[in-house]
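Student: Sharing a model that was predicted from the sequence below.
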Amino acid sequence: QVQLVESGGGLVQAGGSLRLSCAASGRTFSRYIMGWFRQAPGKAREFVAVITWSGGRTYYTDSVKERFTISTDNAKNTVYLQMNSLKPEDTADYYCGAGSTLEPGPKWLESCDYWGQGTQVTVSS
């Protein structure tokens, strides 16, 4: 069993920044490929980024490249999502997930066995 707890969401103006955190616990969390996905009201889940626990490999969806950075702190068992230059279209609930494939996009989403409760991000124009 893996437990994931997100934090760091909030309300920010367009162009601002937020850093999301995902604290992982459980016996086997280190086996998983960690990442973030988001879901806006009335829309399907959308892959955002994935990372290996070593931090050596990362992948992003095109719409967040050059603006978002995913990272890990192994000592704290925490995954971060630094979000800069935020846009109103980034407004969504953001979830941390634990998947079994590094292949980004729907494949990683479908492989997620665990995810957290989500944290809300609202970007005002």
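Tutor: It's in. Numbers count the residues shown, from 1 in each chain.

Student: what ranges do the strands span in the chain?
Tutor: Secondary structure of the chain (DSSP state E): strands located at 2-7, 10-13, 18-26, 33-39, 46-51, 58-60, 68-73, 78-83, 92-99, 114-115, 119-124.

Student: Can you tell me the centre-most residue of this structure?
Tutor: Centroid-nearest residue in the chain: W36, 2.1 Å away (criterion: C-alpha atoms, centre = their mean).

Student: Name whatever forms a beta bridge with that one.
Tutor: A49, C96 (DSSP bridges).

Student: if I read this right, it contacts C96, doesn't it?
Tutor: Yes. Between W36 and C96 there is a contact under C-beta atoms under 8 Å: 5.9 Å. The C-beta positions use only the backbone N, C-alpha and C, and glycine is treated the same way.

Student: Common neighbours of these two, please.
Tutor: L20, C22, V79 (C-beta atoms under 8 Å, 6 or more residues apart in numbering).

Student: so what's G26 closest to, chain neighbours aside?
Tutor: V2 (4.0 Å; C-beta to C-beta, 6 or more residues apart in numbering).

Student: That neighbour: neighbour count?
Tutor: 19 (other C-beta atoms under 10 Å).

Student: Check the one 4 residues further on too.
Tutor: When neighbours are counted by other C-beta under 10 Å, E6 registers 22.

Student: what's the answer for A23, then?
Tutor: A23: 17 neighbours (other C-beta under 10 Å).
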